[in-house]
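In: sequence-free structure coming up:
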């Protein structure tokens, strides 16, 4: 263990100095408690660390482990109805334990800067990013009125924004995801903070943009800024962190230099987190999978059992330590007992691409797209070709992965396949019959055969309704009689590894993984032939990603689903897809079996994309 991230307070010399330079943050035995209607919740319990200038510490763990609460305690942003206690809580050498809002305002942006996950939400959509950065400069008195313009351009240049004069005049929605994130980092740096907190800064970014943002964080660290990185992406952490603290249920279970954590972890929970990272497990698409786990049996991380059989790192840790698993993991494992291979079958018994009783894929494709083209009018005039001459075939029991940068046409292609956009040229055929272009009334009777699992289930699911109603409406649309819907709802939840008790809950009362399972259950309610998954795991932590990927692969195999899987995460695509298409600027650069494309890419851009993907 390094002194820069000392877990035992008082053993590394003076409180304001570490072996790598001045201490920027010094935390000993931090506790954070929230008051809730059900009673107090201890979100953080006894966390200690020291962070020196020019060093990077990563906090990793599953959702709800206390990572963000720990980081926000250094900004006084833990929230209302909270109680923060610590033996020592120092920021920039000052004891902040008794700070009020006035004192905290003097710390934020000056001593500590914050870069959050969603730059589009964090930046004001109504004003240019240059004005946002200028406000940070003037609020912290870092530049006079005459100097502000030059300082804005200097900050944008420092974070690697090309054409800073033009970008400073643009609003956030006019910038790509990577440029927005860089502009947000520039705003956070405007006050000259010695500590930069980066809370999931690369979660929604594609591989090449993610690589640039991670390189920027490394440059800032090497220039003397202390970086506190919160992430569920261990591959991203490996690119930046000097030290890692692994959190579970508010407690640091393991803390050490990054190299040792990533190569020789000691705690079972840390090992289980690493085992759940996409790319470290056998590809699901091309390995034999057992039948769903029988009653009383659950599977650990990396095993592909029935829906819900994967219990996540907490359950794997329990198997080695005897500790109780996370309650959500236990419920998922219990629910996984229910769905047998015959829980749901496609209603159609004939037609191209139909599956047989064995669940194996038939010979022909169920959906074919040929020569798809779609262009949009640019706001300033002219046209942008979003999809150009794209063809594909989706076969029952197989997954086609689509990868590419933001704006490459992946989601537009998904909308064309779903029939939500009409192509300017080309066509889509479903079971040999025209699906698009066609009027919606001609598709309506077959609409249930092609379903979508979206990136953000919290937006896709009506927050006012409980799960029972959300699934019941989908069953009604599928023609299920009212009397049969309660049993149908329970059956759908069983298929995705959730217990009947979840029927009473609303989306905001579910975890991220549970919400995505409900979204999958709703898509399955209509007995689809084709499942379009648009970034379905990008917002989930690594263990929930593993669970949802296992679930989708198991359902694909059991129900003979043809799957179109869109993701910016190459490791996810490699794990679940049989074939892959690489897109750029609306065009398919290359396609083929996933192992061949990843091992021997033919196009230079594909090689660059694969090289940019972070790896452990």
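Out: Noted; the coordinates are in hand. Keep in mind that what you see is a predicted model, and the values were worked out from it rather than measured.
In: ok, residue 185 touching residue 122?
Out: No: look at residue 185 against residue 122 with C-beta atoms under 8 Å: they stay out of range, at 10.6 Å. Using the backbone N, CA and C atoms, a C-beta is placed for each residue, glycine as well.
In: Compare the two and say which is more crowded by neighbours.
Out: residue 185 (26 against 18; other C-beta atoms under 10 Å).
In: do you know how far the more buried one is from residue 136?
Out: Distance of residue 185 to residue 136, computed by C-beta to C-beta, to the nearest Å: 11 Å.
In: One more: residue 56?
Out: 23 Å.
In: So for the two, which residue has more residues nearby?
Out: Remark: of residue 56 and residue 136, residue 56 carries more neighbours, 27 against 21, as counted by other C-beta under 10 Å.
In: Now for the more buried one: which residues touch it?
Out: 217-218, 221, 226-229, 240-243 (C-beta atoms under 8 Å, 6 or more residues apart in numbering).
In: same deal with residue 165?
Out: So residue 165 contacts residue 153 (C-beta under 8 Å, 6+ apart).
In: What's the first helix or strand after the helix or strand bottoming out on mean pLDDT in the chain?
Out: Every helix and strand of the chain was ranked by mean pLDDT, DSSP states H and E. The lowest is helix 327-335, at a mean of 37. In the C-terminal direction, the helix or strand that comes right after helix 327-335 (DSSP states H and E) is strand 367-377.
In: what ranges do the helices span in the stretch 401-550 of the chain?
Out: With DSSP state H, counting those that start in this stretch as the criterion, the stretch 401-550 of the chain has helices at 410-418, 440-443, 457-460, 467-477, 485-495, 512-524, 542-559.
In: now the longest one and helix 512-524, what's the angle there?
Out: On the basis of axes from the mean of the first three to the mean of the last three C-alpha atoms, to 10 degrees, helix 542-559 is oriented at 20 degrees to helix 512-524.
In: still on that earlier bit, lowest-confidence stretch among the helices of the stretch 401-550 of the chain?
Out: Confidence, taken as mean pLDDT, is least for helix 457-460 of the helices of the stretch 401-550 of the chain (a mean of 80).
In: Please enumerate residues in contact with that helix?
Out: Against helix 457-460 from outside (C-beta under 8 Å, 6+ apart): 454, 507-508, 512, 515-516, 518-519.
In: My guess is residue 109 contacts residue 140. True?
Out: Yes: with contact defined as C-beta under 8 Å, residue 109 counts as touching residue 140 (5.4 Å).
In: okay, and the common contacts of those two?
Out: The contact lists of residue 109 and residue 140 share 190-191, where a contact means C-beta under 8 Å, 6+ apart.
In: Looking at those two, which one has more neighbours?
Out: residue 109 (22 against 16).
In: Report the contact partners of the more buried one.
Out: Per C-beta under 8 Å, 6+ apart, neighbours of residue 109: 136, 139-140, 188, 190-191, 193.
In: repeat that for 10 Å
Out: Going by C-beta atoms under 10 Å, 6 or more residues apart in numbering, residue 109 touches 75, 136-137, 139-140, 142, 187-193.
In: Same check on residue 222?
Out: Here residue 222 is in contact with 54, 56 (C-beta under 10 Å, 6+ apart).
In: Where does pLDDT dip in the protein?
Out: Per-residue confidence for the chain (pLDDT under 70) gives these ranges: 1-20, 118-120, 204, 281-363, 379.
In: Relative to residue 30, how far out is the residue most central in space within it?
Out: Against the mean C-alpha coordinate of the chain, by C-alpha atoms, centre = their mean, the closest residue is residue 539 at 2.3 Å. In this view, residue 539 and residue 30 are 27 Å apart by C-beta to C-beta.
In: Need the nearest residue in space to residue 53, chain neighbours excluded.
Out: Distances taken as C-beta to C-beta, 6 or more residues apart in numbering place residue 21 nearest to residue 53, at 4.2 Å, with adjacent residues excluded.
In: Can you get me the start-to-end distance on stretch 190-201?
Out: 18 Å (C-alpha to C-alpha, to the nearest Å).
In: Can you give the distance of it from its chain's centre?
Out: Relative to the centre of its chain, stretch 190-201 is centred 21 Å away, using C-alpha atoms, centre = their mean, to the nearest Å.
In: With stretch 380-393 instead?
Out: Relative to its chain's centre, stretch 380-393 lies at 27 Å (C-alpha atoms, centre = their mean).
In: Would you agree residue 28 is in contact with residue 95?
Out: No: Residue 28 is not in contact with residue 95 according to C-beta atoms under 10 Å; the separation is 11.4 Å.
In: Could you check which of the two is surrounded by more residues?
Out: When neighbours are counted by other C-beta under 10 Å, residue 28 and residue 95 differ, and residue 28 comes out ahead with 20 against 13.
In: Partner strands of the helix or strand hosting that one, with direction?
Out: Using DSSP H and E, residue 28 falls within strand 21-36. As defined by DSSP bridges, the strand partners of strand 21-36 come to strand 17-18 (antiparallel), strand 39-52 (antiparallel), strand 82-85 (antiparallel), strand 88-91 (antiparallel).
In: who wins for proximity to residue 404 among those?
Out: Residue 404 lies closest to strand 39-52 among the strands paired with strand 21-36, at 36.6 Å (C-beta to C-beta).
In: how close does the residue of the chain most remote from its centre get to residue 592?
Out: Here the centre of the chain is the reference, and by C-alpha atoms, centre = their mean the most remote residue is residue 146, at 41.8 Å. For residue 146, the distance to residue 592 (C-beta to C-beta) stands at 58 Å.
In: now swap in residue 431 and tell me
Out: For residue 431 relative to residue 592 (C-beta to C-beta), the value is 25 Å.
In: now residue 85
Out: 57 Å.
In: Pick out whichever of these two has more residues nearby.
Out: residue 592 (15 against 12).
In: Tell me if I am right that that one is in a helix.
Out: No: under the criterion used here (DSSP: H, G, I helix; E, B strand; the rest coil), residue 592 is strand, not part of a helix.
In: and it, bridged to which residues?
Out: In beta-bridge terms (that is, DSSP bridges), residue 592 pairs with residue 580.
In: who touches it in this structure?
Out: 579-582, 598, 600-602.
In: Kindly present those as a markdown table, with separate columns for distance to residue 103.
Out: As requested, the contacts of residue 592 are exported to a markdown table (distance: C-beta to C-beta, whole Å):
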| residue | distance to residue 103 |
| --- | --- |
| 579 | 58 |
| 580 | 53 |
| 581 | 54 |
| 582 | 52 |
| 598 | 52 |
| 600 | 59 |
| 601 | 54 |
| 602 | 59 |
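In: Give me the buried entries from those.
Out: 579-582, 598, 601 (16 or more other C-beta atoms under 10 Å).
In: Farthest pair within those?
Out: 579 and 601 (14.0 Å).
In: Wasn't residue 208 part of a strand?
Out: No: going by three-state DSSP, the assignment for residue 208 is helix, not a strand.
In: Quick check: closest non-adjacent residue to it.
Out: residue 612 (4.5 Å).
In: need the contact list for the closest residue to residue 609 other than its chain neighbours.
Out: For residue 609, ignoring the flanking residues on the chain, the nearest one in space by C-beta to C-beta, 6+ apart is residue 207 at 5.7 Å. Contacts for residue 207 (C-beta under 10 Å, 6+ apart) come out as 403-405, 568-571, 608-614.
In: would a markdown table of the residues you listed with distance to residue 389 be doable?
Out: Shown next, in a markdown table, are those (distance: C-beta to C-beta, whole Å):
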| residue | distance to residue 389 |
| --- | --- |
| 403 | 18 |
| 404 | 15 |
| 405 | 19 |
| 568 | 23 |
| 569 | 26 |
| 570 | 24 |
| 571 | 29 |
| 608 | 22 |
| 609 | 20 |
| 610 | 24 |
| 611 | 27 |
| 612 | 26 |
| 613 | 27 |
| 614 | 32 |
